[in-house]
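**Q** test case, fold it:
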Amino acid sequence: MAIYQYQRLYKAFKISSSSPWLDWVRKHNGFLIVLTLICGLAGSALLILIISWKPFTLILLFTMILIAVLYVIPIRGFVLRELPGLKSVLVASVWTGFIIAFPLMNEHRPLQLHAQELLAFFCYFFALTIPFDIRDLKYDKPHQRTIPQLLGTSFSKVISILLLGVFILNIAKINNEMRYNELFYTGTIMAGTLILFTNNRRDEWYFALIDGSMILVGMAFL
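**A** Next comes the predicted model:
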């Protein structure tokens, strides 16, 4: 939460262009700054309580944090999210690293034993980034070479839904509980349906629902 709000605050005051969500961030910047600080402090305090302090765990954690923070900050004239073909890969990698790889390493569970699970979730998060790239077609620069820019909207949706299929098949194969979990399928089918009807004219709330579908998938694992 802290990192996402930081990114939005940075972009709102460093980018001169206008969009509905940029204008909203500028209007509510005071509230968002306080929220970012509270979430950052709370997240850091909770992290200190659970982290195992193993070197490789710390390296993974701080690498993910560094990528997330620098995602919108220019480095020698380049912004990470604008490097050709890397926008969705970076987002999917950070989500997979934070949510799947870090807890496994923090609990001293070898990542090589969970390679299929890591791949499945990378595919899942990658699938969810594609509709946002469709949304951003009118904002992304041509050199970013996102999937919708290279392949068009329709084919991008096909790829996204196929990636969701890979996710479902892999998780169902390695997790017996998920194989028969209705909430798991509800969350992924909801995401797939929303992706199918995605276009760059959809309201921001539509894309919030795509993000929200992750909550159902997460609840299924509980």
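
**Q** how close does the nearest residue to Pro20 once chain neighbours are set aside sit to Ser19?
**A** Leaving out its chain neighbours, the residue that sits closest to Pro20 by CB to CB, 6 or more residues apart in numbering is Glu204, at 6.4 Å. No exception for glycine: its C-beta is placed from N, CA and C like everyone else's. Distance, Glu204 to Ser19, by CB to CB, to the nearest Å: 9 Å.

**Q** domain ranges for the protein?
**A** 1-50, 51-221 (automatic domain parsing).

**Q** distance from the chain centre to the shortest one, please.
**A** Looking back up the chat, that one is domain 1-50. Relative to its chain's centre, domain 1-50 lies at 16 Å (CA atoms, centre = their mean, to the nearest Å).

**Q** going forward, begin numbering at 38 instead of 1
**A** Sure, I'll start numbering at 38, so the last one becomes domain 38-87.

**Q** just the domains of the chain: most buried one?
**A** Neighbour counts (mean count of other CB atoms under 10 Å) averaged over each of the domains of the chain peak at domain 88-258, with a mean of 16.

**Q** elements contacting the helix or strand of the chain with the lowest mean pLDDT?
**A** Across the helices and strands of the chain, mean pLDDT, DSSP states H and E gives its lowest value to helix 57-64, namely a mean of 86. On a contact count with 3 or more CB pairs under 8 Å, 6 or more residues apart in numbering; DSSP states H and E, helix 57-64 meets helix 39-51.

**Q** quick check, pLDDT for the residue nearest to Pro57.
**A** Note on Glu241: pLDDT of 85.

**Q** with Asn237 instead?
**A** For Asn237, pLDDT reads 89.

**Q** over to Ile110?
**A** 82.

**Q** is it true that it lies in a strand?
**A** No: per DSSP: H, G, I helix; E, B strand; the rest coil, Ile110 lies outside any strand segment and is coil.

**Q** residue contacts, it?
**A** By CB atoms under 8 Å, 6 or more residues apart in numbering, the contact set of Ile110 is Tyr47, Val116.

**Q** how close does it get to Ile211?
**A** 37 Å.

**Q** mind checking which helix or strand the residue nearest to Leu98 when sequence neighbours are not counted is in?
**A** Leaving aside its chain neighbours, Leu98 sits nearest to Phe139 (5.8 Å; criterion: CB to CB, 6+ apart). Here Phe139 is covered by helix 139-143, with elements defined by DSSP states H and E.
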